[in-house]
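In: Could you work out the structure for the sequence below:
(4 chains)
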Protein chains: 2
Amino acid sequence: MGTREDIIAAAARIMRDEGYARATTKEIARAAGYSEAALYKHFRDKTEIFVSVLTERLPGLVPLLGDLQGRAGERAVRDNLVDVARTAIAFYAESFPLSASVFSSRQLLAAHRERLRELAPGSGPDRPLTALAAYLRAERDGGRVPAEVDPGAAAALLLGACFQQAFLVAFTGDRPDGDTLHDLAADLVGALVACW
Amino acid sequence: MGTREDIIAAAARIMRDEGYARATTKEIARAAGYSEAALYKHFRDKTEIFVSVLTERLPGLVPLLGDLQGRAGERAVRDNLVDVARTAIAFYAESFPLSASVFSSRQLLAAHRERLRELAPGSGPDRPLTALAAYLRAERDGGRVPAEVDPGAAAALLLGACFQQAFLVAFTGDRPDGDTLHDLAADLVGALVACW
DNA sequence: GTCTATAGGGTGATAGAC
DNA sequence: GTCTATCACCCTATAGAC
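Out: Model (predicted):
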């Protein structure tokens, strides 16, 4: 692991555990085992460190969704959706505190938005939504989902619910155990596909 | 408007427009037209100002939901839900940047959570969810919603989707016009109640 | 209740040696 | 590439006069 990666890893850990406000260059440098000056040899400024954490360290929800689309038709749609919901809640719960920090300053928000578009076009926060909608469309074309279903709206309902549940988890601070998580995911999917 | 209200109003404006990081005591005092010292005559510390903004200035989504429950049966459930969705998206879009700021520091998050429970018990971020679920239960008891519907899950789907859409709006920075908002709300509700 | 002034501590970022 | 040392600034909170 190179210096740059050390720094990003340290920054990610501090931001997650202590909050963005505590993630000063001094703290990051100390945790990474380098001097503050070293930070500035690898990153233009502090914002660049933060944006790098966000774009390079977040675990992917998108990969799961991508796989899913290619395998449309292999398993029951309902089971696939429960998997998606479970993964999404866990993913959002982990990434929420970090993503939310972006809103602590307009400048930071703008920088992040800009950076995201420049180095990973089309991988913004709406990416999971479009990926899930594409999967549902594929299943619908395969006749395994009723023709009347609106893939975009259905994806928005399911992932939106996961997003908010994750917010609640992050806010209250207690993470649900595996069973609770599964039940929650199953209930949401159940309500969504009630009459499919 | 008293001094205290002036301060809260100024703080709210700065936090919304500039982000929490920019909302320093100096800025707030300047914008409110008072000295920094005056802030500390009305609030114990800066956290108390922030929490006051959050609990006293956010427009109410809950009132609408409360009214709704009392009037179950008067209008088509679907129309009521579209109203709820529209209001919820607007509400969440406005409050998201502020609420998100809570995550900038663990200490702030803890303080806010604590304060919320102490001065408005049961009005946490899950309040709209329980209120909407109660409304749906009332309609279900009245036979206007199928017996198989899970009110809690349905509420989580609809409000969750609104929450995430609001996040996307806040993230990209462009707010949708009234028509777009209405269409979005109608699509979400349509997908939810497709077979009710 | 409000002010001015300041304490006391942190901050991001840079210079220059190795 | 990394270090030590430091700058210039900004932050929250308080003291004391009016």
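In: where does the closest residue to A:Y20 other than its chain neighbours sit relative to B:E94, distance-wise?
Out: Across the structure, with CB to CB, 6 or more residues apart in numbering or on different chains as the measure, the residue nearest A:Y20 apart from its sequence neighbours is A:S101 (3.5 Å). Yep, even glycine has a C-beta here, placed from its N, CA and C like the rest. Per CB to CB, to the nearest Å, A:S101 is found 19 Å from B:E94.
In: what's the domain layout of chain A?
Out: Following automatic domain parsing, chain A resolves into domains at A:1-57, A:60-196.
In: What is the end-to-end distance of the longest one?
Out: The one in question is domain A:60-196. In domain A:60-196, first residue to last residue: 29 Å (CA to CA, to the nearest Å).
In: chain center to that domain, what's the gap?
Out: Relative to its chain's centre, domain A:60-196 lies at 8 Å (CA atoms, centre = their mean, to the nearest Å).
In: Please work out how many residues are found near A:G173.
Out: Applying other CB atoms under 10 Å in any protein chain shown, we find 10 other residues in the vicinity of A:G173.
In: related to what we said a few turns ago, for A:S101 and B:E94, indicate the residue with more neighbours.
Out: For A:S101 versus B:E94, neighbours defined as other CB under 10 Å are more numerous around A:S101 (28 against 18).
In: List the residues that contact A:A100.
Out: A:A100 makes contact with A:170, B:100-104 under the criterion CB atoms under 8 Å, 6 or more residues apart in numbering or on different chains.
In: On the three-state scheme, A:L108 is what?
Out: Under the three-state scheme (DSSP: H, G, I helix; E, B strand; the rest coil), A:L108 adopts helix.
In: how close does it get to A:L168?
Out: Computed as CB to CB, the A:L108 to A:L168 distance reads 24 Å.
In: ok so, going back, nearest to B:L116, of the contacts of A:A100?
Out: Sorting the contacts of A:A100 by distance to B:L116 puts B:V102 at the head of the list, at 9.9 Å, by CB to CB.
In: So the closest one sits against B:H112, correct?
Out: Yes. With contacts counted by CB atoms under 8 Å, B:V102 reaches B:H112, the gap being 5.0 Å.
In: which one of the two has more residues nearby?
Out: Taking neighbours as other CB under 10 Å, B:V102 and B:H112 compare with B:V102 leading, 26 against 21.
In: Tell me which residues touch the more buried one, please.
Out: Here B:V102 is in contact with A:100, A:171, B:54, B:108-109, B:112 (criterion: CB under 8 Å, 6+ apart).
In: Tabulate those residues in JSON lines, adding columns for distance to DNA strand C and pLDDT.
Out: Output for the contacts of B:V102, formatted as JSON lines (distance: CB to the nearest atom of the strand, whole Å; pLDDT from 0 to 100):
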{"residue": "A:A100", "distance to DNA strand C": "18", "pLDDT": "91"}
{"residue": "A:F171", "distance to DNA strand C": "24", "pLDDT": "92"}
{"residue": "B:L54", "distance to DNA strand C": "22", "pLDDT": "88"}
{"residue": "B:L108", "distance to DNA strand C": "14", "pLDDT": "86"}
{"residue": "B:L109", "distance to DNA strand C": "17", "pLDDT": "90"}
{"residue": "B:H112", "distance to DNA strand C": "20", "pLDDT": "86"}
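In: which pair in those spans the largest distance?
Out: The distance between the two most remote of those (CB to CB) is 13.9 Å, for A:A100 and B:L54.
In: picking up where we left off before, in helices, which of the contacts of A:A100 appear?
Out: When DSSP state H is applied, the contacts of A:A100 are split such that A:170, B:100-101 fall in helices.
In: closest to A:L68 among those?
Out: Using CB to CB, A:A170 is the member of these that sits closest to A:L68, with 25.2 Å.
In: Double-check the closest one against A:S99; I have them as touching.
Out: No. The pair A:A170 / A:S99 is not scored as a contact, 9.9 Å apart, by CB under 8 Å.
In: which stretches of chain A have low pLDDT?
Out: When the per-residue scores of chain A are filtered using pLDDT under 70, the ranges that remain are A:1.
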